[in-house]
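Novice: sequence plus the predicted model coming up.
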Amino acid sequence: MDNKLIPNVSVDSIVFGFDSVHLKVLLIGRDIVYKGVQYNDWKFPGDLIRCDENLDTSSKRILKDMTGLENIYMKQLKTFGAIDRLTRKPRDMTWLITINHPEERVVTIPYYSLINMSNGANNNLKLISNARWFNVDDVPNLNLAFDHYEIFKFTLKTLRNELRTEPLAFELLPLKFSLSQLQRIYEIIIGIPLDRRNFRKKIPNLNYIVPLNEKEMSVSHRPAKLYIFSRDIYQKLKKENFDFTI
């Protein structure tokens, strides 16, 4: 296998997770000491692609190598290739020097991923003293490397738009979930409260949300009825141009 890297093309992974309360994003810390000066900031997991890889393969490899995560939902976003994306911040150039990266223009293709953190995703992170989950609302207050804040804003906007017409919420939920959990996902990502009664009125029309003869266990409140997402029903309805808007 040709492991030679292409110095001008990279892939970044924006991983969103849901812990039943907050929407989070995974970031990698950079601790740089250069000529006696220490630099601290955060970046998305990412790296250059290999000559023998297509973008999807590279994205999966990089995410697994840097975090241990695999077999999760991933989707390619648009290309980011501003001329000054590597040079607009002095600390970025410092970091590139410390890792012997050629000082050239690099185009990056971000992918966003969705995981349910209650399935033990934290335990699968294999790096990683320098990887950390942040609440999405806290990201604007962080120092992000390169143009990663621009990428973050675009990715979150994309997620919010696609959540309305695609079954993305179920990638963030446990296999069996309550309607309160489902509503919470939508409220957190879209960023507005939803009327509980109106939300639940729509569920019977969404045949791919299948009720179970089960209720929540070991909860402090009244146990709620549980549901599952049927991808088979979803795919069938999708071919029939079914309206998926919640």
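Specialist: Right, received. Where do you want to start?

Novice: could you tell me which ranges of this structure sit under the pLDDT cut-off?
Specialist: 1-2, 34-35, 37, 102-103, 119-129, 240-246 (pLDDT under 70).

Novice: rerun that using 80 as the cut-off
Specialist: 1-3, 31-39, 101-104, 118-129, 218-221, 239-246 (pLDDT under 80).

Novice: can you list the strands that the longest strand seen in it pairs with?
Specialist: In the chain, with assignment by DSSP state E, the single longest strand is strand 5-18. Paired neighbours of strand 5-18 in the sheet (DSSP bridges): strand 23-34 (antiparallel), strand 46-50 (antiparallel), strand 107-116 (parallel).

Novice: what's the most buried one of those strands?
Specialist: The highest average neighbour count among the strands paired with strand 5-18, using mean count of other C-beta atoms under 10 Å, belongs to strand 107-116 at a mean of 21. For every residue, glycine as well, the C-beta is placed using N, CA and C.

Novice: re the thing from before, mind listing what's buried in the longest strand of the chain?
Specialist: 5, 9-18 (16 or more other C-beta atoms under 10 Å).

Novice: stretch 144-152 too?
Specialist: Those would be 144-148, 151-152, for stretch 144-152 by 16+ other C-beta under 10 Å.

Novice: okay, how far is it across it, tip to tip?
Specialist: One end of stretch 144-152 sits 10 Å from the other (C-alpha to C-alpha, to the nearest Å).

Novice: what's in contact with that stretch?
Specialist: Contacts with stretch 144-152, where a contact means C-beta atoms under 8 Å, 6 or more residues apart in numbering, come from 12, 14, 25, 27, 30, 41-44, 77, 80, 82, 85-86, 88-89, 91-92, 95, 108, 110, 139-140.

Novice: let's see that with 7 Å instead.
Specialist: 12, 14, 30, 41-44, 80, 82, 85-86, 92, 110, 139 (C-beta atoms under 7 Å, 6 or more residues apart in numbering).

Novice: equivalent analysis for stretch 221-233, please.
Specialist: Against stretch 221-233 from outside (C-beta under 7 Å, 6+ apart): 167, 170, 175-180, 207-212, 214-217.

Novice: contact partners for residue 32?
Specialist: Per C-beta under 7 Å, 6+ apart, neighbours of residue 32: 38-39, 91, 94-95, 98.

Novice: still on that earlier bit, looking at the buried residues of strand 5-18, which is nearest residue 64?
Specialist: Taking C-beta to C-beta as the measure, residue 64 sits nearest to residue 13 out of these, at 9.9 Å.

Novice: so what's the closest one up against?
Specialist: Here residue 13 is in contact with 44-46, 59, 62-63, 111, 113 (criterion: C-beta under 7 Å, 6+ apart).

Novice: let's go with 8 Å and repeat that
Specialist: 26, 44-46, 59, 62-63, 66-67, 74, 110-113.

Novice: residue 181 too?
Specialist: Contacts of residue 181 by C-beta under 8 Å, 6+ apart are 20, 173-174.

Novice: lovely, talk soon.
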